[in-house]
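Asks: Quick check, what structure comes out for this input:
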Amino acid sequence: MNVYLLLAARRYMLLAGWFVLAFGCVSPTIADSTFAGVPVDGRTSVPAEPRTTEKKDLTLQDAIRLALRHNPELAAFDKEIRALEGATVQAGLLRNPELAVNIENAGNMGGVPRSSTTAGATLKETVEQQDLIIRLNQLVELGGKRAARVNAALLGQEVAGKEFEARRLELIARVANVFTEVLAGQEQLRLAEESQQLAQRVVDTVARRVQAGKVPPIEETKVGVAFSATRIALGQAQRELSAARQRLALLWGESSPDFGQVLGDLESSMTLPNLATLSERALSSPMADRARKGIEHRKALLEVEQTRRVPNITVGGGMIKHWESGGTTATVGISMPLQLFDRNQGNLLEAHQRVDKALDEQAATDLQLKTELVQAYEALAAAQNEIAILRGEILPAAKSAFEVTNKGYELGKFSFLEVLDAQRTLFQNQIMYVRAVANHRRLVNELERLTAAPINTLSNRLPVKNGVVDDYEE
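Replies: Have a look, this model is predicted:
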């Protein structure tokens, strides 16, 4: 009897483990995917919190617009561009003229007696011995310094504009990825609910067979405990979906999601473009343009330093008022620094090195883009192959096996363990399919981020539903 109880306990633990696998929620790796996937039906539920008011459903386009309008990180880059507009204006301004007023021989005022009958006459004589000099000086920049400064400032503004475009694309891709997490979370919840419903069918079947005396009562106890595992999986799916919804809302600055379901389709049909076409498009994306504009900007700054080798001149003119003679004399002058020691050598050396650095950074950027593109391309090709096998072969076979086994169990042709094994296989493959299509959507978004264009403009294919760029642009 003790041996029988020990064996029953071991089988009980094994069955509980099988049910956790069969009815467990989707792996967290799907949260890192972009959106592609299984259609979401009406049974998909959102977090288990009561909704007092009806919330509007959210599309990917809506999420992108909200993020572009309210994301603080993107707003900071926009402010930087506006700040550089002021720097460009300042670079083109002329230098202010200088006004100088001098009084020569002013020290004679100290020789005037404090108490004297002739103090007034002495003061008058002292003032008449002084000269009043008024001069107006203007710095004249030579060598094209002002034009070089303006050109460098304009190129700096263009670099910032390319940086803004690159950040904007990254934000769109990030929104699409988190949007996919919510879509996958909704599908995960739907599968958890469906698995619980199917588990209930197994419970009902076992209960009927126990009542009919066809199986021992211990099987009803086992399946009841295993059914409780599906309730745990359902709660975990609800929590993961709630967390993904909150991460999505945070992208546009909301602490809690103020929307209902997200609307989209994880599945897509496409013909993968050739790698050469994608590489060409990636090397003309804002990320690549930012590096090239960086070279132009550094060359413009080098030109600014080269113009500083040419000395500026200061021209001036004015008048001298002679109080003693009562006459006025005009005066003009010109001055310039003698560049004997400082010829801007250090700044020129620094500017040359900065240009070389920008060239290296541009080569590194191109290499990084090509590397990321190849990785995403190969992963996408593998994901397409995986989806085709799962959709065309594995899922139909697993579903058919489960239906046959479940029906056969009701007729007494299969054992309870065979039913659980068929059910576990079906749900494991369903979960694998959700992972695959979500990963496929993420890789599509990654290629669109690298090429700054929807893939359907680079190949002949069916439009991707809720495509990142092509649904937002225009």
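Asks: Low-confidence stretches in the stretch 51-200 of the chain?
Replies: Within the stretch 51-200 of the chain, the ranges that satisfy pLDDT under 70 run 51-54, 107-129.
Asks: rerun that using 80 as the cut-off
Replies: Along the stretch 51-200 of the chain, segments meeting pLDDT under 80 span 51-55, 104-130, 198-199.
Asks: Which parts of it are strands?
Replies: 58-59, 98-104, 131-140 (DSSP state E, counting those that start in this stretch).
Asks: Just list what the second one packs against, helices and strands only.
Replies: Strand 98-104 is packed against strand 131-140, strand 313-322, with contacts defined by 3 or more CB pairs under 8 Å, 6 or more residues apart in numbering; DSSP states H and E. Using the backbone N, CA and C atoms, a C-beta is placed for each residue, glycine as well.
Asks: Give me the contact list for that strand.
Replies: For strand 98-104, the surrounding residues in contact (CB atoms under 8 Å, 6 or more residues apart in numbering) are Gln130, Asp131, Leu132, Ile133, Ile134, Arg135, Leu136, Asn137, Gln138, Leu139, Gly316, Gly318.
Asks: need the contact list for His322.
Replies: Asp131, Thr328, Thr329.
Asks: Report pLDDT for it.
Replies: At His322, the predicted lDDT confidence score is 82.
Asks: Around the residue lying closest to Gln138 once chain neighbours are set aside, count how many other residues there are.
Replies: For Gln138, the nearest residue in space outside its immediate sequence neighbours is Pro97; the separation is 4.6 Å by CB to CB, 6 or more residues apart in numbering. Burial of Pro97 is recorded as 12 neighbouring residues (other CB atoms under 10 Å).
Asks: Please apply the same query to Asp360.
Replies: Tallying neighbours of Asp360 according to other CB under 10 Å, which is how burial is gauged here, yields 12.
Asks: Please report the distance of it from Asp366.
Replies: To Asp366, Asp360 is 11 Å away according to CB to CB, to the nearest Å.
Asks: for Ala300, same thing?
Replies: With the distance defined as CB to CB, Ala300 ends up 21 Å from Asp366.
Asks: Glu194 now?
Replies: Applying CB to CB, the value for Glu194 to Asp366 is 48 Å.
Asks: cool, Gln428 as well?
Replies: Gln428 sits 42 Å away from Asp366, taking CB to CB as the criterion.
Asks: Tell me where this protein has helices.
Replies: Counting by DSSP state H, the chain has these helices, from start to end: 2-23, 60-70, 72-91, 119-128, 145-211, 218-250, 275-282, 286-307, 345-389, 395-410, 416-451, 468-472.
Asks: In JSON lines, list the contacts of His322 along with distance to Glu219 and neighbour count.
Replies: Converted to JSON lines, these look like this (distance: CB to CB, whole Å; neighbours: other CB atoms under 10 Å):
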{"residue": "Asp131", "distance to Glu219": "120", "neighbour count": "16"}
{"residue": "Thr328", "distance to Glu219": "122", "neighbour count": "10"}
{"residue": "Thr329", "distance to Glu219": "122", "neighbour count": "12"}
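Asks: need those residues in JSON lines with distance to Val101, can you?
Replies: Compiled in JSON lines, those are given as follows (distance: CB to CB, whole Å):
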{"residue": "Asp131", "distance to Val101": "12"}
{"residue": "Thr328", "distance to Val101": "15"}
{"residue": "Thr329", "distance to Val101": "15"}
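Asks: Just give me the closest of these to Pro217.
Replies: The closest of the contacts of His322 to Pro217 turns out to be Asp131 (CB to CB; 124.0 Å).
Asks: quick one: which of the helices and strands packed on strand 98-104 is nearest Gly333?
Replies: Of all the helices and strands packed on strand 98-104, the one in closest proximity to Gly333, counting by CB to CB, is strand 313-322 (5.0 Å).
Asks: For that closest one, which strands pair with it and how are they oriented?
Replies: strand 131-140 (antiparallel), strand 328-335 (antiparallel) (DSSP bridges).
Asks: For the ones you listed, give me CSV that also has distance to Val175.
Replies: Output for the strands paired with strand 313-322, formatted as CSV (distance: least, CB to CB, whole Å):
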stretch, distance to Val175
strand 131-140, 52
strand 328-335, 60
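Asks: Tell me which of those lies nearest to Val355.
Replies: strand 131-140 (28.6 Å).
Asks: Centre of the chain to that closest one, how far?
Replies: Distance of strand 131-140 from the chain centroid (CA atoms, centre = their mean, to the nearest Å) equals 56 Å.
Asks: In that strand, which residues are buried?
Replies: Counting neighbours by 16 or more other CB atoms under 10 Å, one finds that the buried residues in strand 131-140 are Asp131, Arg135, Asn137.
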